[in-house]
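> Generate a structure from the sequence data that follows.
(chains A and B)
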Amino acid sequence: MQQYQSRMQDKLFQNKSQSILEVLLSLIIFSIAFVSLIILVNNYLKILKTTKERIIANFLAQEGLELVIAKRNINKAAGKGWLDGLSGSDCIDINLDPKPGSSTSCPLYLNDKNQYVHTNTATQTIFSRLIKIEVNNNIATVTSIVDFGDSPPIELETILTDWIPTIP
Amino acid sequence: MRNKGFTVLEAMIAILVFIIGIGTVSIMYINLVRQHLISQQLQASIGNVKLALEKIWREMKYGINFATTTYGIKFQRAVDCKNLEIYYDPNLKTLIYKLDNNTSTLIDTNYAEINTFEVYATGSLSTSGDYNKTSYKLITLSLNGIAKTKSINVPINFQISVAPINSVFTTTSCGF
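Alright, predicted model coming up:
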């Protein structure tokens, strides 16, 4: 018993320094905690930015659908084919002059009136919008896809027909 | 039994390192809480603007007889034929909702300030004839301003477009 106590006291009170492995381990643990905190702070800043961008992207995607509805209504009022001027994969902005496009060729710019348009101006935004239209049995499935930054794109879809109701 | 403790210098260095470590972590934690608060305030501010735009969008979707004005747009609500005007007040830096003669602000200026408000109406085929020929088929509102928090202001640029449902009819329920 005395032998055990003496061994313990030796262990407890010996003044040996830490091994390199112990120092490294503690440094690694400290670094992980430290880096996690930095990442957390940065993520908050990112969330702050993407919240705003996501809302704008949602509005732009919704606008894409409205543009096709407006184009359909103009075509109907003018006595043209209801999807006249739309190719099925288009860049279309508030000027209602659709141009065939692909997922990479429809960037949105801000003009001098702070309007989002496809016309190339000095201020390019991070947003791009493509309108896809698939027609089956005279029913069109319209998809508005807005890409922005590294975030997943916003996709909204609606169904359109060439039916116009009579006077209410 | 060897009973050697730390020297004063060793103890002081250890305490110093500890204080620096705790200090850095505390500052980062305070920053984190601050960012969280800013994020919450910003979400409230942007939410306020979003809510206003969604209200305008809904009113315009079912509106008729649209006409642009110097600072906004006026039209009638198809449901009750009341006159509705939505316009920008440059002094108050907000949007005003005027239903008949009752006005109210759409965006709380504690949350956001509007600097420019642009209305663009298009799709009218002629100046006379049936309503579906003369009506605007697309109305676009573009809004530029700042979303406010206690410590930072974030620039905002929102745009909504509406294709009014009634623009396809030859007449409107409120007379034309």
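
> so where's the chain uncertain?
As the question left the chain open, I've gone with chain A. A:1-18, A:41, A:44-45, A:165-168 (pLDDT under 70).

> um, chain B though
Judged by pLDDT under 70, the stretches of chain B that qualify are B:1-5, B:175-176.

> For it, which segments count as helices?
Here chain B has its helices, by DSSP state H, at B:8-61, B:131-134.

> Just name the most buried of those.
helix B:131-134 (a mean of 17; mean count of other Cβ atoms under 10 Å in any protein chain shown). For every residue, glycine as well, the C-beta is placed using N, CA and C.

> Which elements pack onto that one?
helix A:20-77 (3 or more Cβ pairs under 8 Å, 6 or more residues apart in numbering or on different chains; DSSP states H and E).

> and the angle from the helix it packs on to helix B:8-61?
10 degrees (axes from the mean of the first three to the mean of the last three Cα atoms, to 10 degrees).

> how much space between residue B:161 and residue A:164?
Distance of residue B:161 to residue A:164, computed by Cβ to Cβ, to the nearest Å: 20 Å.

> in what helix or strand does residue A:147 lie?
For residue A:147, the host element (DSSP states H and E) is strand A:139-148.

> Would you mind listing the buried residues in that strand?
Neighbour-count burial for strand A:139-148, counted by 16 or more other Cβ atoms under 10 Å in any protein chain shown, picks out A:140, A:142, A:143, A:144, A:145, A:146, A:147, A:148.

> got a list of what the last one touches?
Remark: with contacts taken as Cβ atoms under 8 Å, 6 or more residues apart in numbering or on different chains, residue A:148 is in contact with A:53, A:54, A:56, A:57, A:126, A:127, A:128, A:154.

> 10 Å instead, please
Shown in contact with residue A:148 (Cβ atoms under 10 Å, 6 or more residues apart in numbering or on different chains): A:50, A:53-54, A:56-57, A:60, A:108, A:125-129, A:154.

> Likewise for the fourth one?
Applying Cβ under 10 Å, 6+ apart to residue A:144 gives the contacts A:60-68, A:92, A:129-132, A:154-158.

> go on, the fifth one?
Each residue near residue A:145 by Cβ under 10 Å, 6+ apart is listed here: A:57, A:61, A:64, A:103, A:106, A:128-132, A:153-157.

> let's see it at 7 Å
A:129, A:130, A:132, A:153, A:155 (Cβ atoms under 7 Å, 6 or more residues apart in numbering or on different chains).

> Send over the longest strand along chain A as PDB, restricted to the C-alpha atoms.
When chain A is parsed with DSSP state E, its longest strand is strand A:123-136. The C-alpha trace of strand A:123-136 is given here as PDB (Å, rounded to 0.1, in the frame of the first residue of the first chain):
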ATOM      1  CA  THR A 123     -24.900  47.000 -64.400                       C
ATOM      2  CA  GLN A 124     -25.000  43.300 -64.700                       C
ATOM      3  CA  THR A 125     -26.700  41.500 -61.800                       C
ATOM      4  CA  ILE A 126     -26.100  38.000 -60.500                       C
ATOM      5  CA  PHE A 127     -29.500  37.000 -61.800                       C
ATOM      6  CA  SER A 128     -30.400  35.200 -65.000                       C
ATOM      7  CA  ARG A 129     -33.800  34.000 -66.100                       C
ATOM      8  CA  LEU A 130     -35.000  31.500 -68.600                       C
ATOM      9  CA  ILE A 131     -38.600  30.800 -69.600                       C
ATOM     10  CA  LYS A 132     -39.400  27.300 -70.800                       C
ATOM     11  CA  ILE A 133     -42.700  26.400 -72.400                       C
ATOM     12  CA  GLU A 134     -43.900  22.900 -73.200                       C
ATOM     13  CA  VAL A 135     -47.100  22.600 -75.200                       C
ATOM     14  CA  ASN A 136     -49.200  19.400 -75.100                       C
END
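
> Now do it against helix A:20-77, angle only.
Here strand A:123-136 points in a direction 60 degrees away from that of helix A:20-77 (the same axes, to 10 degrees).

> partners of strand A:123-136, with directions?
strand A:89-91 (antiparallel), strand A:107-110 (antiparallel), strand A:139-148 (antiparallel) (DSSP bridges).

> among these, which is nearest residue B:50?
strand A:139-148 (15.8 Å; Cβ to Cβ).

> returning to what we had before: just how off-centre is the strand holding residue A:147 within its chain?
14 Å (Cα atoms, centre = their mean, to the nearest Å).

> repeat for stretch A:40-56
11 Å.

> contact partners of it?
A:126-127, A:148-149, A:151, B:28, B:31-32, B:35-36, B:38-39, B:42-43, B:46, B:50, B:154, B:156-158.

> run the last query once more with 8 Å
With Cβ under 8 Å, 6+ apart, stretch A:40-56 has contacts from A:126-127, A:148-149, A:151, A:154, B:28, B:31-32, B:35-36, B:38-39, B:42-43, B:46, B:50, B:147, B:154, B:156-159.
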